[in-house]
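A.B. asks: below is the structure, and that's it, no one-letter string:
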């Protein structure tokens, strides 16, 4: 695909595309228990008041450092973990308000690809049963039809159908991740949450799997929520990117906008830390943040980033900046985003 | 022409199932290379052979009293000698194997089945369900197992069936705890979450994914406990609460010979050797099964 075509297709899928999933004020607090009677002595605010939306057919990247709540966000949307508060609207329904039984009917439309290709496949099951599991729980077809579908989808994800009777441990990491993709795909989903789907694979396999995800997106008109910590991967696959820090969203923008014009100091620091696989390029603008990430059990008052921010003023430690749309499709949660824009 | 297509289909059939056939071949290879499993299965194999063909092997009626030939030392007409009633000990040991197998089979089925089921439910759901089931097992474990079995056997009356029930009631806690621990470990695995995300419900996950993972340690434990089951049955028999006297149960035969041990050692010794051999066989087999079944050790 040439650059021009790519730009055009981006424009097409731009602001007019339908919103598939909308997350509003999502919160997930984990209790900290201590003492003999396991009293709750505090809360870890893993995800604290997060709102964003995903358009149909796009890939939304979700980045942030370890422990910032990316994975928890992904799992809470699919209700693999029960949320503390908030709503997730999908096709006019609030997924989080549903009963478990009703939610199970929606599960086929919202699938997940897991981080660990070694741990996410049942070691006792043969590949065809692993892939057919979703169909079996949803009572789709009979055994023979299901296995036929399995063979079709295995070929779709680039696995030979001769492997149907193998166990998970007989595959390489990349092949296992393909099995994981086939398992999600066979349910005919609209949205797939890819939770660090390639981070456990080595670089050459990462590229193969990313290209596969790309091809499948076109073929099946899929929408991805792509959770990752590797900016190069996110840059490769995403249309828009959400940046999280300590359970909060600090910035949402389209891929190009975010990389050229980051308006949150944290985003800028994150981008500057991204390794460039070319030793001839010398980096001058490297921003090194002071201090450590504060504990999500006891986050700083005001803007959560202010103890480490070089722009922070007295206002930042008092007032929490809201996530505002500063430009079409560019949201940022910072009091000094104008200064940032001038710097850029 | 039709033959060729049939042959083609057969080849296709074989080719598709190649990994399964390979898998079985590999199991066989592992079985062969694990010496202890081999020895164990040979012993248990002999036991099963004896159980099935007992009437053909035993030279005498195990219940027939023959006071003229009482307390004979082992000789060519009575391989293991005779007891205080002149019954042939060899025949009694042979027939006794049937009773042992019956007790082992039923106790394993009842205590293993109930224990595993309750344990998996307890470990999988956690919370209040877990509390109730685990406090119940604590109650059972608060008594010495033989005393508890005695209490049940005394309440139900001495008979073979009641012995089996009493041993089962005492024994299920071990399996419940084991299954619970396994279920708690397995339910935290990422693949359980993955299966949940494709839309499987609790019951389905519990029976099709958690339960099978708990089975191999249960199976090993079950095989290892078969010796204990025999010993408990013997203990109950000794106290007059187990299998009633004329039945040739090995444990009660050992007890029968107790008062003759100094002069007529063979009455207790041969059933004792039979118990030891069978317990050893089950233990070897149990270890072997663990090695063969664990998919992580298979490679």
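C.D. replies: Thanks, I have it. None of the values given here were measured: they were computed from a predicted structure.

A.B. asks: which residues touch residue 114?
C.D. replies: Going with chain A. Contact analysis of residue A:114 by CB atoms under 8 Å, 6 or more residues apart in numbering or on different chains lists A:120, A:180, A:195, A:197, B:190, B:193-194. Every C-beta, even on glycine, is put in place using the N, C-alpha and C of the backbone.

A.B. asks: chain B is the one I meant
C.D. replies: B:168, B:172, B:175-176.

A.B. asks: re earlier: which of the contacts of residue A:114 fall in strands?
C.D. replies: Using DSSP state E, the members of these that fall within strands are residue A:195.

A.B. asks: now for the contacts of residue A:114: which two are most distant?
C.D. replies: A:197 and B:193 (14.4 Å; CB to CB).

A.B. asks: hmm, back to that, would you turn the contacts of residue B:114 into TSV with secondary structure and distance to residue A:336?
C.D. replies: Converted to TSV, the contacts of residue B:114 look like this (DSSP: H, G, I helix; E, B strand; the rest coil; distance: CB to CB, whole Å):
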residue	secondary structure	distance to residue A:336
B:168	helix	73
B:172	helix	67
B:175	helix	64
B:176	helix	61
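
A.B. asks: between the residues you listed, which is closest to chain A?
C.D. replies: residue B:175 (19.5 Å; CB to the nearest CB).

A.B. asks: what about the nearest residue to the closest one once chain neighbours are set aside, which helix or strand?
C.D. replies: Closest residue to residue B:175 apart from its sequence neighbours, by CB to CB, 6 or more residues apart in numbering or on different chains: residue B:115 at 2.8 Å. Counting by DSSP states H and E, the element that carries residue B:115 is helix B:113-125.

A.B. asks: buried sites along that helix?
C.D. replies: Within helix B:113-125, the residues that qualify as buried are B:114-124, counting by 16 or more other CB atoms under 10 Å in any protein chain shown.

A.B. asks: now the element after that helix, going C-ward?
C.D. replies: helix B:127-141.

A.B. asks: thinking again about what came up before, more neighbours: residue A:197 and residue B:193, which one.
C.D. replies: residue A:197 (28 against 19; other CB atoms under 10 Å in any protein chain shown).

A.B. asks: which residue does the stretch 201-344 of chain A bring closest to chain B?
C.D. replies: residue A:225 (13.1 Å).

A.B. asks: residues near that residue, how many?
C.D. replies: Using other CB under 10 Å, residue A:225 has 28 neighbouring residues.

A.B. asks: contacting residues around it?
C.D. replies: A:21, A:54, A:60, A:62, A:74, A:77, A:191-194.

A.B. asks: in CSV: those, plus secondary structure, distance to chain B and pLDDT.
C.D. replies: Listed next are these as CSV, based on DSSP: H, G, I helix; E, B strand; the rest coil; distance: CB to the nearest CB, whole Å; pLDDT from 0 to 100:
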residue, secondary structure, distance to chain B, pLDDT
A:21, strand, 15, 89
A:54, strand, 17, 92
A:60, strand, 18, 93
A:62, strand, 17, 92
A:74, helix, 10, 89
A:77, helix, 11, 89
A:191, strand, 12, 91
A:192, strand, 10, 92
A:193, strand, 9, 92
A:194, strand, 12, 91
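
A.B. asks: circling back: now, which of the contacts of residue A:114 sits nearest residue A:102?
C.D. replies: Of all the contacts of residue A:114, residue A:102 sits closest to residue B:193, with 19.9 Å by CB to CB.

A.B. asks: helices of the stretch 51-200 of chain B, residue ranges please.
C.D. replies: Taking DSSP state H, counting those that start in this stretch as the criterion, the stretch 51-200 of chain B contains helices spanning B:54-57, B:89-107, B:113-125, B:127-141, B:145-156, B:160-187, B:190-197.

A.B. asks: and the spatially most distant residue from the centre of chain A, its phi and psi?
C.D. replies: Taking CA atoms, centre = their mean, the residue of chain A most remote from its mean C-alpha position is residue A:36, at 37.5 Å. Main-chain dihedrals, residue A:36, degrees, to the nearest 10: phi -70, psi -40.

A.B. asks: so the residue nearest to residue B:175 sits right up against residue B:174, yeah?
C.D. replies: Yes: between residue B:115 and residue B:174 there is a contact under CB atoms under 8 Å: 6.7 Å.

A.B. asks: spell out which parts of chain B neighbour chain A.
C.D. replies: Proximity of chain B to chain A, by CB under 8 Å from any CB of the partner chain, involves residues B:15-20, B:189-191, B:193-201, B:204, B:209, B:212-213, B:295-296, B:299.

A.B. asks: identify the residues contacting the residue of the stretch 101-250 of chain A at minimum distance from chain B.
C.D. replies: Proximity to chain B, evaluated over the stretch 101-250 of chain A using CB to the nearest CB, is greatest for residue A:134 at 3.3 Å. By CB under 8 Å, 6+ apart, residue A:134 lies in contact with A:108, A:183, A:186-187, B:198-200.

A.B. asks: just to revisit the earlier point, closest one of the contacts of residue A:114 to residue A:263?
C.D. replies: Taking those together and measuring to residue A:263 by CB to CB, the closest member is residue A:195, at 26.9 Å.

A.B. asks: got the contact list for the closest one?
C.D. replies: A:71, A:74-75, A:112-115, A:227.

A.B. asks: kindly report the same for residue A:231.
C.D. replies: Per CB under 8 Å, 6+ apart, neighbours of residue A:231: A:63, A:270-271, A:274.

A.B. asks: try 6 Å
C.D. replies: The contact partners of residue A:231, by CB atoms under 6 Å, 6 or more residues apart in numbering or on different chains, come to residue A:274.

A.B. asks: need the residues of chain A near chain B, please.
C.D. replies: A:78, A:80, A:104, A:107-108, A:112, A:114, A:116, A:119-124, A:133-134, A:137-138, A:165-166 (CB under 6 Å from any CB of the partner chain).

A.B. asks: now, which of those residues lie within helices?
C.D. replies: A:104, A:133-134, A:137 (DSSP state H).

A.B. asks: in the helix or strand where residue A:51 lies, what counts as buried?
C.D. replies: Secondary structure from DSSP H and E places residue A:51 in strand A:39-55. By neighbour count on 16+ other CB under 10 Å, the buried set for strand A:39-55 is A:43-50, A:52, A:54-55.
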